[in-house]
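Student: model this:
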Amino acid sequence: MAGHGTPIPMTARKSPPLKGVAQIPGDKSVSHRSLILGALCVGETRISGLLEGQDILDTAKAMTAFGANVERVGDGDWVVNGVGVGGFAEPEDVIDCGNAGTGVRLIMGAMATCPITATFTGDASLRSRPMGRILDPLMLFGAQSVGRTGGQLPLTLVGAREPVPVRYTSPHASAQIKSAVLLAGLNTPGETVLIEHEKTRDHSERMLRGFGAEIETVKTAEGYQITLQGQPELKPQTIAVPRDPSSAAFPVAAALIVEGSDILVPNIGLNPTRAGLLTTLSEMGADISFENVRTEGGEPVADLRVRASALQGIEVPPDRAPSMIDEYPILSVVAAFACGKTVMRGIKELRVKECDRIDAMARGLETMGVTIEEGEDFLIVHGQNGDVAGGGTAQTHLDHRIAMSFLCMGLATQKPVSVDDGGAIATSFPIFEDLMAGLGAAIQRDNH
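Tutor: Numbering: from 1, shown residues only. Modelled structure (predicted):
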């Protein structure tokens with residue numbers, strides 16, 4: 001039984017050329033942070049273009065439980081009246097974050113330095129994911145946690161009554177760890193310092209700065225050192241959320257592999273810490289042009305024009321992994337249609353996502369007739385030069401990106417491709433089916 005309810009088997013079939021405009025929902029990372037930082041201001045933050053996927057709705061509910069007033073006032077338009085830094089109230093009930101790994105980890109960071117106690121849980125996928133990597137630095141601030149072995153949910157977090165500033169070197173290339181530490185540092189006197197060896201997505205730093213926090217990043221011998229001055233008075237903002245590049249990856253990839261396709265994908269966020277996939281696809285020979293390049297809300301944005309392309313396998317630089325960690329599943333699908341092999345190394349972080357994504361993609365690709373090589377931190381896909389058999393059913397393991405990746409694959413394979421359960425897609429991309437159908441994609445739910 002899936003964590004979200006009854007499984008939704010789906011099948012994709014060879015499609016005619018994809019045409020039209022793909023209006024992608026708002027960026028998931030920016031949406032989570034908009035709600036959380038809005039709740040940490042005194043006054044009204046207005047958000048437009050918020051992603052209304054289940055992950056974000058769960059974060060909105062959590063902010064309400066901590067005392068903020070969160071209201072939907074229109075399609076993608078939300079208003080948050082916050083409680084100020086350190087102003088979180090103790091929730092009356094368990095905080096259920098559903099499938100949202102980003103949501104639960106950032107919320108735990110924000111509450112870890114408030115003198116309150118909260119219990120967190122989530123769906124079957126989230127309850128299996130490691131939380132110890134977040135809890136370790138939060139304990140340094142003075143928080144305490146009680147939970148299952150390995151720090152898995154459900155767990156209860158007791159916030160620090162007198163938090164102490166922390167200097168922490170992250171052992172993982174993880175924006176979630178970094179963001180949790182910075183959010184905990186907001187209600188901590190003095191300077192909180194986070195050091196990361198590899199640069200990860202920087203939405204938290206950009207948005208904290210936009211809300212009025214004093215934060216700076218410098219490159220040192222140790223890595224990227226981010227210093228936050230504690231106990232600022234954050235100022236409410238008006239935020240226009242850019243469209244999500246991780247969601248855009250699916251129609252972009254589908255257009256590249258479905259012969260004759262030509263689509264426009266407007267208003268896509270091109271934050272350099274997120275744009276690794278587009279760089280990689282361009283290196284593979286993808287026909288992607290960037291039109292109307294501009295800046296919105298401190299983030300670079302452009303319209304993408306994507307046409308079907310003959311692609312060449314490449315070796316993806318391992319140091320690019322943090323800027324495209326969520327896009328390796330769909331890249332491995334594109335790689336299957338390329339000429340030659342595509343080598344993806346330095347990707348062990350994929351093993352602790354919604355599921356073990358390296359294993360899920362490897363097994364699924366084999367089922368579709370694609371030759372792969374796999375190791376602890378690498379995946380090599382041997383391209384079929386545009387001729388991929390398909391004909392199998394991929395196991396999604398409640399992972400939205402695995403489900404969407406294989407459905408995109410089926411649009412260009414010789415035989416249909418099925419997934420055992422597409423229900424998790426709603427967590428990040430609730431309009432995926434309608435959007436793809438609007439481009440001409442042959443994706444349907446299987447009736448029983």
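Student: surely residue 446 meets residue 9?
Tutor: Yes - if you go by CB atoms under 8 Å, residue 446 and residue 9 touch, sitting 4.2 Å apart. Where you see a C-beta, it was placed from the backbone N, CA and C, and this is true even at glycine.
Student: now the helices: where do they sit in the stretch 151-300 of the chain?
Tutor: 175-186, 203-210, 245-257, 276-283 (DSSP state H, counting those that start in this stretch).
Student: Confidence-wise, which of these is weakest overall?
Tutor: Here the lowest mean pLDDT among the helices of the stretch 151-300 of the chain goes to helix 203-210, at a mean of 93.
Student: Can you check the pLDDT for residue 4?
Tutor: 60.
Student: ok, what's across the strand from residue 169?
Tutor: Per DSSP bridges, the residues bridged to residue 169 are residue 195.
Student: quick one: contacts for it?
Tutor: 194-197, 222-223 (CB atoms under 8 Å, 6 or more residues apart in numbering).
Student: between those residues, which has the most around it?
Tutor: residue 194 (27 neighbours; other CB atoms under 10 Å).
Student: check which helix or strand covers residue 61.
Tutor: helix 54-65 (DSSP states H and E).
Student: elements contacting that helix?
Tutor: Contact partners of helix 54-65 among helices and strands, from 3 or more CB pairs under 8 Å, 6 or more residues apart in numbering; DSSP states H and E: helix 28-39, strand 69-74, strand 95-96, helix 101-111.
Student: In the helix or strand following the longest one, which residues are buried?
Tutor: Elements were assigned by DSSP H and E; along the chain past helix 28-39, the next helix or strand is strand 42-48. Residues of strand 42-48 classed as buried by neighbour count (16 or more other CB atoms under 10 Å): 45-48.
Student: Next: stretch 377-396.
Tutor: So for stretch 377-396, counting by 16+ other CB under 10 Å, buried means 377-384, 388, 390, 392-396.
Student: What of stretch 44-61?
Tutor: Going by 16+ other CB under 10 Å, stretch 44-61 has these buried residues: 45-61.
Student: CA atoms only for it, dumped as CSV, please.
Tutor: Included here for stretch 44-61 are C-alpha records, laid out as CSV according to Å, rounded to 0.1, in the frame of the first residue of the first chain:
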residue,chain,number,x,y,z
GLU,A,44,2.4,40.3,6.3
THR,A,45,4.4,38.5,3.6
ARG,A,46,2.6,38.1,0.2
ILE,A,47,3.6,35.2,-2.1
SER,A,48,2.6,34.8,-5.7
GLY,A,49,3.2,31.7,-7.8
LEU,A,50,3.5,29.4,-4.8
LEU,A,51,3.7,25.7,-5.7
GLU,A,52,0.5,24.1,-4.5
GLY,A,53,1.8,20.6,-4.3
GLN,A,54,1.1,18.5,-1.2
ASP,A,55,4.7,19.0,0.1
ILE,A,56,4.1,22.8,0.2
LEU,A,57,0.6,22.5,1.6
ASP,A,58,2.0,20.4,4.5
THR,A,59,4.6,23.1,5.2
ALA,A,60,1.8,25.7,5.2
LYS,A,61,-0.2,23.6,7.7
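Student: quick one on the thing from earlier: switch the helices of the stretch 151-300 of the chain over to JSON lines; also include mean neighbour count and distance to residue 147.
Tutor: Formatted as JSON lines, the helices of the stretch 151-300 of the chain follow (neighbours: other CB atoms under 10 Å; distance: least, CB to CB, whole Å):
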{"stretch": "helix 175-186", "mean neighbour count": "27", "distance to residue 147": "16"}
{"stretch": "helix 203-210", "mean neighbour count": "22", "distance to residue 147": "24"}
{"stretch": "helix 245-257", "mean neighbour count": "27", "distance to residue 147": "29"}
{"stretch": "helix 276-283", "mean neighbour count": "21", "distance to residue 147": "33"}
